[in-house]
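*Asks:* mind folding the following:
(chains A, B, C and D)
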Number of protein chains: 2
Amino acid sequence: MCPVEQYDKVGSHSTGNRRRAPAESATCSGCGLRRVCLPADLDVAETYRLDPIIRRGRPLRTGRALFHAGQRFEAIYAIRSGSVKTLALAPDGGTTVCGFHIPGDVLGLEGIAHNSYPLSAVALEPTRYCGIPYRALQGLSVTHRGLRDELPKILSRALVHSQDRTQLISAKRARARLAAFLADIARRRQRSRLSSMEFRLPMMRVEIASYLHLTIETVSRTLSELQEEAIVNVRGRDIRILDADSLAAAARGSSDDS
Amino acid sequence: MCPVEQYDKVGSHSTGNRRRAPAESATCSGCGLRRVCLPADLDVAETYRLDPIIRRGRPLRTGRALFHAGQRFEAIYAIRSGSVKTLALAPDGGTTVCGFHIPGDVLGLEGIAHNSYPLSAVALEPTRYCGIPYRALQGLSVTHRGLRDELPKILSRALVHSQDRTQLISAKRARARLAAFLADIARRRQRSRLSSMEFRLPMMRVEIASYLHLTIETVSRTLSELQEEAIVNVRGRDIRILDADSLAAAARGSSDDS
DNA sequence: CAGCTCACTTGATTTAGATCAAGTCTGATC
DNA sequence: GATCAGACTTGATCTAAATCAAGTGAGCTG
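*Replies:* This next block holds a predicted model:
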């Protein structure tokens, strides 16, 4: 049985339209996520050079950390299956969810700046990942042009994504924030070849609330509202997008739902 | 007359404590911002290599763009004096202020990802800058280890800063957001050797409001509130920090103002 | 220097979301 | 399959900030 499919399952009320996750592989060159992950723009020869330095850890269990805030920076990480949240320590001692990461995403890039991770990364479900030691990656960059150009690109992409997230949170209305959140998940799942119209959220309401800077009650109520409007079908963590256009419209903040 | 000092002046009610901006220079190696700008961690020899590729444009007039969203990406920019805001086009056609940038800051890094700038950068006051053509920078990276390692660091720092900004906006109370905003400006000005306890804001209230996702009225009222509590002195755009500890406490969201 | 514009401030009212308070449902364990 | 804990939902108030509505004041132009 394919472990990815397991994490990707939806409730019994759901029908059809399911897509299989790309096959995993012990090598980048054979990995289905190759085109969205670290080696996105590398040619075959360079992808082969990447393989030997990659460390594929055993699956991370739910709640376990890929790395902790403050820990010494040594590697960046790519998600192969499952999902991860990143957490920042709030000034009052609590934690805030800074991001959710799915297969193909690269994590830990913030560590490059100060040689330690400013965030913690915690698995939301059993999660497979690749560790890429940073020193070794720098080493390969000396001789390999493609790799040298790739790292700034990955970082720049992460920067754009971080700014997009700020825009997402900046949406005044809770409705627009939730809609944008769901649309973003769908888009990223599609990019990573996971089912995008129907999926199971790996995170709890309280984590969504933290991420969107809302309360858990508002998240719950707003999801119910989007369901009443027949834009999505919500049943616990199982989401089905019924009307992608209206969802996009809601994300833009327009109250119009044609 | 030193042009930097001109932009840095404060109203006539202010006294003492003023600091001179570091001297500008036609070269990185002679630039007072060397340690906070692109060549932060480079040694002298490598900084000399950087000099010939840098393009120092004529001062940008208020309201003029360093680059426009959508424009083809060719260079990253460093601010030498003055200040710049970055703008994103909101889905509804309006613009949102994404950031304020002061001397020593590096801009345009988001362009690396997709070969075009996703944001516009507009001068808030007469602003001097350095343009660093990206191709040329990549070229230098081939042979210069320090430069090769520097770009990912700069990008990672920008990523951390972007995430910090998200945290800043995430503060629920307007009071905490404004306090954090002022504290952040003071900190960055200090880093760039500009007066940090007393300064003139280069941006309008409406731009602060956009950046912090508040209304202009709330910004105005909250600044008045911080003034009533004798934490800062506000007179139009002139700011004097009277009690840095209370400001930091307010930024943390604590209502305690000891 | 008068008049004008536009940034900014201040006040009154409204409202979206937070908070407080019960619930219900689901999935794990025995 | 019964029990239980914790995730989730829903309802009733409360409140911080948005909105609506006048102001004031500083800087420019003629």
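
*Asks:* spatially nearest residue to whichever residue of chain A sits closest to DNA strand C, not counting backbone neighbours?
*Replies:* Residue nearest to DNA strand C within chain A: residue A:218 (3.2 Å; C-beta to the nearest atom of the strand). (C-beta placed from N, C-alpha, C; glycine too.) Nearest non-adjacent residue to residue A:218, counting by C-beta to C-beta, 6 or more residues apart in numbering or on different chains: residue A:174, 5.1 Å away.

*Asks:* now for the helix or strand containing residue A:250, which elements pack on it?
*Replies:* Using DSSP states H and E, residue A:250 sits within helix A:244-251. Identification of packing neighbours for helix A:244-251 by 3 or more C-beta pairs under 8 Å, 6 or more residues apart in numbering or on different chains; DSSP states H and E yields helix A:174-191.

*Asks:* now the angle from the helix it packs on to helix A:244-251?
*Replies:* 130 degrees (axes from the mean of the first three to the mean of the last three C-alpha atoms, to 10 degrees).

*Asks:* any residue of helix A:174-191 up close to DNA strand D?
*Replies:* No: remark: helix A:174-191 sits outside contact range of DNA strand D, by C-beta under 7 Å from any atom of the strand, the gap being at least 10.8 Å.

*Asks:* neighbours around the residue nearest to residue A:203 when sequence neighbours are not counted, how many?
*Replies:* Leaving out its chain neighbours, the residue that sits closest to residue A:203 by C-beta to C-beta, 6+ apart is residue A:124, at 5.4 Å. By other C-beta atoms under 10 Å in any protein chain shown, 21 other residues sit near residue A:124.

*Asks:* the one 4 residues further on now?
*Replies:* Other residues lying near residue A:128 total 20 when counted by other C-beta under 10 Å.

*Asks:* export the helix holding residue A:250 to PDB, keeping only CA atoms.
*Replies:* Taking Å, rounded to 0.1, in the frame of the first residue of the first chain, the C-alpha atoms of helix A:244-251 are listed here in PDB:
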ATOM      1  CA  ALA A 244     -13.600  27.100  -7.200                       C
ATOM      2  CA  ASP A 245     -14.700  30.400  -8.800                       C
ATOM      3  CA  SER A 246     -16.700  31.500  -5.800                       C
ATOM      4  CA  LEU A 247     -13.900  30.400  -3.500                       C
ATOM      5  CA  ALA A 248     -11.500  32.600  -5.500                       C
ATOM      6  CA  ALA A 249     -14.000  35.400  -5.400                       C
ATOM      7  CA  ALA A 250     -14.400  35.000  -1.600                       C
ATOM      8  CA  ALA A 251     -10.600  35.100  -1.300                       C
END
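
*Asks:* what separates the residue nearest to the spatial centre of chain A from DNA strand D, distance-wise?
*Replies:* Nearest to the mean C-alpha position of chain A, counting by C-alpha atoms, centre = their mean, stands residue A:101 at 2.1 Å. Distance, residue A:101 to DNA strand D, by C-beta to the nearest atom of the strand, to the nearest Å: 18 Å.

*Asks:* residue A:104 too?
*Replies:* Distance, residue A:104 to DNA strand D, by C-beta to the nearest atom of the strand: 24 Å.

*Asks:* look up phi and psi at that residue.
*Replies:* Main-chain dihedrals, residue A:104, degrees, to the nearest 10: phi 100, psi -20.

*Asks:* that one: how many residues sit nearby?
*Replies:* 24.

*Asks:* identify the residue spatially nearest to it, adjacent ones excluded.
*Replies:* With C-beta to C-beta, 6+ apart, the residue lying closest to residue A:104 is residue A:36, at 3.8 Å.

*Asks:* surely that neighbour meets residue A:106?
*Replies:* No: look at residue A:36 against residue A:106 with C-beta atoms under 8 Å: they stay out of range, at 9.7 Å.

*Asks:* next up, phi/psi of the residue nearest to the centre of chain A, please.
*Replies:* Torsion angles, degrees, to the nearest 10, at residue A:101: phi -130, psi 140.

*Asks:* coming back round to it: tell me who's in contact with the residue nearest to residue A:203.
*Replies:* With contacts defined as C-beta atoms under 8 Å, 6 or more residues apart in numbering or on different chains, the neighbours of residue A:124 are A:62, A:82, A:83, A:84, A:85, A:100, A:202, A:203, A:207.

*Asks:* ok, now with 7 Å
*Replies:* Taking C-beta atoms under 7 Å, 6 or more residues apart in numbering or on different chains, we find residue A:124 in contact with A:62, A:83, A:84, A:85, A:202, A:203.

*Asks:* returning to what we had before: check the residue nearest to residue A:104 and give its pLDDT.
*Replies:* In this model, residue A:36 is scored at 80, pLDDT.

*Asks:* that one is in what secondary structure piece?
*Replies:* Using DSSP H and E, residue A:36 falls outside every helix and strand.

*Asks:* isn't it up against residue A:192?
*Replies:* Yes: between residue A:36 and residue A:192 a contact is recorded at 5.7 Å, counting by C-beta atoms under 7 Å.

*Asks:* rewinding a little: burial count for the residue nearest to residue A:104?
*Replies:* Quick note: residue A:36 (other C-beta under 10 Å) scores 20 neighbours.

*Asks:* OK, contacts around it?
*Replies:* Residues counted as contacts of residue A:36 (C-beta under 7 Å, 6+ apart) are A:104, A:191, A:192.

*Asks:* just send those back as JSON lines, with pLDDT too.
*Replies:* As requested, the contacts of residue A:36 are arranged in JSON lines below (pLDDT from 0 to 100):
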{"residue": "A:104", "pLDDT": "90"}
{"residue": "A:191", "pLDDT": "87"}
{"residue": "A:192", "pLDDT": "84"}
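
*Asks:* and these, which is closest to residue B:211?
*Replies:* residue A:191 (29.7 Å; C-beta to C-beta).

*Asks:* for the closest one, give me its contacts.
*Replies:* For residue A:191, the contacting residues are A:36, A:104, by C-beta under 7 Å, 6+ apart.

*Asks:* tell me how far it lies from chain B.
*Replies:* Distance, residue A:191 to chain B, using C-beta to the nearest C-beta, to the nearest Å: 14 Å.

*Asks:* close to DNA strand D, is the helix or strand residue A:210 falls within?
*Replies:* Using DSSP H and E, residue A:210 sits within helix A:205-212. Yes: using C-beta under 7 Å from any atom of the strand, we find that helix A:205-212 touches DNA strand D at A:205, A:206.

*Asks:* show me what that helix is in contact with.
*Replies:* A:85, A:96, A:97, A:100, A:169, A:177, A:178, A:181, A:215, A:216, A:219, A:220.

*Asks:* at 6 Å instead, please
*Replies:* Contacts to helix A:205-212, defined as C-beta atoms under 6 Å, 6 or more residues apart in numbering or on different chains, come from residues A:96, A:97, A:177, A:215, A:216, A:219, A:220.

*Asks:* scan those residues and report the most crowded one.
*Replies:* residue A:177 (25 neighbours).

*Asks:* is it true that it touches residue A:171?
*Replies:* Yes: between residue A:177 and residue A:171 there is a contact under C-beta atoms under 6 Å: 4.8 Å.
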